[in-house]
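A.B. asks: fold the following.
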Amino acid sequence: MNDQAPGTSANGSNAKRMSIIVTKGTLDWAYPPFILATTAAAMDVKVTMFFTFYGLPLLLKKLNLEVNTLGNAAMRMPMGGMHMAMPNIMAAIPGATAGITAMMKNMMKKKGVASIEELREAAVDSDVKLIACQMTMDLFEYSRDEMIEGIELGGAATYIEGALKSDINLFI
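C.D. replies: Residues are numbered from 1 along each chain as shown. Below you'll find the predicted structure:
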């Protein structure tokens, strides 16, 4: 008879695995994969993040993340006790993206929300496997020197190999 709890290995640790495909690189889209990855890692889940296309720049040493209202009809910012909608047209106004980004970063700082740089560092410290898509690196002409330390390079086959072993696969 097996007395092991479901989802645990023989030594009692969590035997679960999770993979995340990261495809978006705006400030608001950077939070979900890093929060989920670091939370899962803290729960002893083995996590792999695969950064491709517009998610790849999240691995750059120097981040310059912005929030864009375009196509984000649900975006509402707390102002004066209300939640003000940020219409798509805002994206066409010169300086609006920078202003909205500054508002968002200021709000996050006031609320004590960790920065993407801090979450990324926590992911590295938690042994989250960070894979930069080699094809995307080549396509957008990024060099390994521009990327943070501790990443791996790989392609779709690298991701799929890990995803086939994962209990949870997310596309963000």
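
A.B. asks: okay, now residue 142: neighbour count?
C.D. replies: Applying other CB atoms under 10 Å, we find 17 residues neighbouring residue 142. Where you see a C-beta, it was placed from the backbone N, CA and C, and this is true even at glycine.

A.B. asks: measure how buried the closest residue to it other than its chain neighbours is and give me the count.
C.D. replies: Leaving aside its sequence neighbours, residue 142 sits nearest to residue 56 (CB to CB, 6 or more residues apart in numbering; 6.8 Å). Neighbours of residue 56 under the rule other CB under 10 Å: 22.

A.B. asks: what does residue 150 give?
C.D. replies: 15.

A.B. asks: give the contact list for the residue nearest to it when sequence neighbours are not counted.
C.D. replies: In this structure, residue 150 finds its nearest non-sequential neighbour in residue 124, 5.0 Å apart by CB to CB, 6+ apart. Applying CB atoms under 8 Å, 6 or more residues apart in numbering, we find residue 124 in contact with 130, 148-150.

A.B. asks: quick one: contacts for the residue nearest to residue 142?
C.D. replies: By CB under 8 Å, 6+ apart, the contact list for residue 56 reads 25, 132-133, 136-137, 140, 142.

A.B. asks: how about 7 Å then?
C.D. replies: 132-133, 136-137, 140, 142 (CB atoms under 7 Å, 6 or more residues apart in numbering).

A.B. asks: now do the phi/psi pair for it.
C.D. replies: phi -60, psi -40 (degrees, to the nearest 10).

A.B. asks: now do the same for it: its pLDDT.
C.D. replies: pLDDT, residue 56: 97.

A.B. asks: can you tell me how far it is from residue 36?
C.D. replies: 18 Å (CB to CB, to the nearest Å).

A.B. asks: may I see the buried residues of the helix or strand hosting the residue nearest to residue 150?
C.D. replies: Element membership for residue 124, per DSSP states H and E: helix 116-125. For helix 116-125, a neighbour-count test (16 or more other CB atoms under 10 Å) marks 116, 119-124 as buried.

A.B. asks: let me know the secondary structure of residue 113.
C.D. replies: Classification of residue 113 using DSSP: H, G, I helix; E, B strand; the rest coil returns coil.

A.B. asks: could you report the distance from it to residue 119?
C.D. replies: 9 Å.
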